[in-house]
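> okay, structure incoming, though there's no sequence with it:
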């Protein structure tokens, strides 16, 4: 099973949108997809209308990470064929992270590796063990996707995320996960601000960027109001084509 962690310590960069669209695209291609929501805001969970049911049943990533549940105990099937979700809950914010072992998620995914072709983890925008769990899960047969917006804060979240990926691997003597930077919310006409952002990323991460970029479009927002990935809501739109290209590029890299 391949594992993708979608992470950035800066919010508003299209992290959940990227995770959900990739999950929908791979599922539509016949891959068995497991989407794991590790963000207490639970936006990925809401895309599939699972929040209330999962919280009431006590079948969320809280039980997976802190209560010893296996994936089969907390996974939910969606209306999308081949796409299953481990939902999140606001209760993630109430957990004692000192009780969370860094490799808990990695071991849980190892145990269900025969049941899925790819796991996609929507990470919390925080430098805590939730993210560390995701990075380590992606260390062997996976990748960390770091969505960024080309604004004046582009290096803040990106730099912190990359440093955390490297530091946790060094501390545990694990392989450093492959990581790639994804430019999101790219306008149709590049301004001087975006050119400056491109130059900054090019200077620090010349070989760590996807060729695919995700263009800004109202279709992404319109789809989110209906809790639908843009690849499903408006499959012919520019961002939908962008995500299809990204899915191709990631799968080729993971082969």
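Alright, I've got the coordinates. Not measured: the values here are computed from a predicted model.

> quick one: the strands in the stretch 51-200 of the chain?
Counting by DSSP state E, counting those that start in this stretch, the stretch 51-200 of the chain has these strands, from start to end: 76-77, 83-86, 118-122, 142-149, 179-184.

> from the contact counts, what lies against the last one?
I take that to be strand 179-184. For strand 179-184, the packing partners by 3 or more Cβ pairs under 8 Å, 6 or more residues apart in numbering; DSSP states H and E come out as helix 15-28, strand 142-149, helix 154-171, helix 192-204, helix 238-254. The way it works is simple: take the backbone N, C-alpha and C, and place the C-beta from them, glycine included.

> for the ones you listed, which one sits closest to residue 210?
helix 238-254 (5.7 Å; Cβ to Cβ).

> list the buried residues for the closest one?
For helix 238-254, the neighbour count (16 or more other Cβ atoms under 10 Å) marks 238, 239, 240, 241, 242, 243, 244, 246, 247, 250, 251 as buried.

> okay, angle between that helix and helix 15-28 too, please.
Put simply, helix 238-254 runs at 70 degrees to helix 15-28, going by axes from the mean of the first three to the mean of the last three Cα atoms, to 10 degrees.

> next, the angle from helix 238-254 to strand 179-184.
Orientation of helix 238-254 against strand 179-184 (the same axes, to 10 degrees) gives an angle of 170 degrees.

> how far does helix 238-254 sit from its chain's centre?
With Cα atoms, centre = their mean, to the nearest Å as the basis, helix 238-254 stands 14 Å off its chain's centre.

> among the strands of the stretch 51-200 of the chain, which is nearest residue 1?
strand 118-122 (6.0 Å).

> does residue 41 sit in a helix or strand, and which one?
Counting by DSSP states H and E, no helix or strand carries residue 41.

> ok, it - contacts?
For residue 41, the contact set (Cβ atoms under 8 Å, 6 or more residues apart in numbering) comprises 88, 90, 124.

> deepest-packed of the strands of the stretch 51-200 of the chain, please.
Across these, averaging neighbours per residue (mean count of other Cβ atoms under 10 Å) puts strand 118-122 on top, at a mean of 29.

> any idea of the mean pLDDT in that one?
The pLDDT scores in strand 118-122 average 98.

> and for stretch 69-79?
The model assigns stretch 69-79 a mean pLDDT of 96.

> per-residue confidence for the spatially closest residue to residue 136 that is not a sequence neighbour?
Among residues not flanking residue 136 along the chain, residue 106 sits closest, at 5.0 Å (Cβ to Cβ, 6 or more residues apart in numbering). pLDDT recorded at residue 106 is 93.

> one more: residue 193?
61.

> and if you look at residue 8?
Among the per-residue scores, residue 8 holds a pLDDT of 90.

> do residue 165 as well
85.
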